[in-house]
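Trainee: One predicted model, sequence on top.
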Amino acid sequence: MTYVCMKCGKEFNELPPDMTCTYCGYKIIMKKSPPIARKVKAE
């Protein structure tokens with residue numbers, strides 16, 4: 001799972017133990033979603 005800091009944009013492969021960015025110290029980290037295209041059948 002990949003996580004992204006919302007302030008500086010650094011990516012982490014695992015969540016830091018104190019839930020803060022190790023580069024800037026920001027406390028909001030978002031889980032990055034994979035770029036998967038989803039098809040929906042339309043009738």
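Mentor: Received, thanks.
Trainee: rest of the way, CA atoms for contacts and neighbours
Mentor: Noted.
Trainee: Do you know the pLDDT at the residue sitting furthest away from the middle of the chain?
Mentor: The C-alpha centroid of the chain is most remote from residue 43, which lies 34.6 Å away (CA atoms, centre = their mean). Looking at residue 43, its pLDDT is 79.
Trainee: can you tell me how far it sits from residue 37?
Mentor: From residue 43 across to residue 37, the span is 19 Å (CA to CA, to the nearest Å).
Trainee: Next: residue 21.
Mentor: In terms of CA to CA, residue 21 sits 29 Å off from residue 37.
Trainee: what about these two, which has more around it?
Mentor: residue 21 (24 against 6; other CA atoms under 10 Å).
Trainee: State the distance from that one to residue 40.
Mentor: 37 Å.
Trainee: before we move on, what about residue 27?
Mentor: Counting by CA to CA, the gap from residue 27 to residue 40 is 36 Å.
Trainee: same thing with residue 22?
Mentor: Per CA to CA, residue 22 is found 39 Å from residue 40.
Trainee: out of the two, which sits in the busier spot?
Mentor: Neighbour count, other CA under 10 Å: between residue 22 and residue 40, residue 22 has more, with 14 against 6.
Trainee: roughly how far apart are the more buried one and residue 7?
Mentor: 12 Å.
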